[in-house]
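Visitor: Fold the following, please.
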Amino acid sequence: MSSRLTGVGVGPGDPELVTVKGVNALRAAEVVVVPVMDTGERGRAEATVLHYVPAEKVVRVVFALNERTDRKRREAAWDAAGERVAGLLRERGSVAFATIGDPNVYSTFTYLAQTVGELVPGVTVETVPGITAMQDLAARSGAVLTEGTEPLTLVPVTAGSAVLKEALAGPGTVVAYKFGRQAGEVAAALRETGRLDDAVWGSALGLADESVRSAAEMDGTPLPYLSTLIAPPRRAGGRGGKL
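Guide: Next up, the predicted model:
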């Protein structure tokens with residue numbers, strides 16, 4: 001029996017932002033896998049998926065998503081998750097893996113697909129793109145991500161604040177992911193580069209506890225881990241000025 005693993009992007013959390021193709025992929029798969037932390041609570045991907053498929057079709061697989069320092073423990077969790085999904089592929093043939101955002105942008109699906117590819121020779125791996133947090137935040141805040149010839153730089157602040165500072169010193173819009181725990185350092189970097197007043201941050205987009213605020217309101221207090229920041233460049237010259 002041929003096997004197929006499909007990474008499906010289900011967006012930042014608002015179930016209305018799952019694409020039609022994404023919904024069709026979730027419904028067509030024999031099993032829908034959702035990643036959960038080893039603490040067991042329901043994540044955004046699972047909550048979103050349950051709007052479109054019955055609970056009995058969903059399989060929760062533990063990833064050490066809250067592990068930031070112990071690499072061996074994290075990789076052991078990835079290996080165990082890969083073994084579990086490989087078993088499901090052998091038994092059922094087709095598995096969809098639901099991931100928040102897009103499966104090709106900082107997604108656990110990347111690690112899963114690598115592991116499963118080694119365990120299930122010949123498996124077909126596909127992805128269905130999803131709406132990203134930066135797109136959703138731009139829509140909810142009115143921030144324009146790019147104009148004309150402006151570049152767009154995406155930085156995970158988990159790589160260190162120096163990487164963010166370097167990006168902010170350059171041209172175009174800078175988007176920062178996973179910056180909540182370093183909110184104070186991020187605010188300082190925005191201030192140093194003159195980007196604080198025009199920047200916006202958001203968390204829990206599309207959910208009941210959604211927050212969309214000006215970056216100027218950040219006071220150094222840690223924010224939710226999955227917070228997103230958009231820092232546009234200063235734009236001048238009127239409409240089409242960047243063309």
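
Visitor: what residue lies at the spatial centre of the protein?
Guide: Geometric centre of the chain, nearest residue: residue 101, 4.1 Å, by C-alpha atoms, centre = their mean.

Visitor: which residues pair with that residue across the strands?
Guide: Listed by DSSP bridges, the beta-bridge partners for residue 101 are residue 11.

Visitor: next one: the strand or helix carrying residue 111 to chain centre, how far?
Guide: Under the criterion of DSSP states H and E, residue 111 resides in helix 108-119. Its chain's C-alpha centre and that of helix 108-119 lie 17 Å apart, by C-alpha atoms, centre = their mean, to the nearest Å.

Visitor: now that helix: mean pLDDT?
Guide: Mean per-residue pLDDT for helix 108-119: 93.

Visitor: what about the worst-scoring helix or strand of the chain on mean pLDDT, distance to the chain center?
Guide: Using mean pLDDT, DSSP states H and E, helix 71-92 stands out as the lowest-scoring helix or strand of the chain, at a mean of 89. From the chain centre to the centre of helix 71-92 is a distance of 20 Å (C-alpha atoms, centre = their mean).

Visitor: counting contacts, what elements does that helix pack onto?
Guide: Helices and strands touching helix 71-92, as assessed by 3 or more C-beta pairs under 8 Å, 6 or more residues apart in numbering; DSSP states H and E, comprise strand 4-9, strand 31-36, strand 58-62, strand 94-99, helix 108-119. C-beta coordinates here come from the backbone N, C-alpha and C atoms, glycine included.

Visitor: Repeat the analysis, applying 6 Å as the threshold.
Guide: Applying 3 or more C-beta pairs under 6 Å, 6 or more residues apart in numbering; DSSP states H and E, we find helix 71-92 packed against strand 31-36, strand 94-99, helix 108-119.

Visitor: Break down this structure into its helices, ranges please.
Guide: 20-28, 44-49, 71-92, 108-119, 133-141, 161-168, 183-192 (DSSP state H).

Visitor: In terms of pLDDT, where does the closest residue to residue 17 other than its chain neighbours sit?
Guide: Excluding its sequence neighbours, the residue lying closest to residue 17 (C-beta to C-beta, 6 or more residues apart in numbering) is residue 11, at 3.7 Å. If you check residue 11, the pLDDT there is 97.

Visitor: Quick one: low-confidence residue ranges for this protein.
Guide: Applying pLDDT under 70 to the chain flags residues 1, 64-69, 237-243.

Visitor: quick check: domain ranges of it?
Guide: Domain assignment of the chain by automatic domain parsing yields the ranges 4-128, 133-231.

Visitor: coming back round to it: verify the stated contact: the residue nearest to residue 17 with residue 132.
Guide: No. Judged on C-beta atoms under 6 Å, residue 11 makes no contact with residue 132 at a distance of 8.0 Å.

Visitor: Those two: which is more packed in?
Guide: When residue 11 and residue 132 are compared for neighbours, residue 11 comes out ahead with 26 against 22, by other C-beta atoms under 10 Å.

Visitor: list the contacts for that one?
Guide: Residues near residue 11 by C-beta atoms under 6 Å, 6 or more residues apart in numbering: 17-18, 130-131.

Visitor: Give me the distance between it and residue 82.
Guide: Going from residue 11 to residue 82 by C-beta to C-beta, to the nearest Å gives 24 Å.
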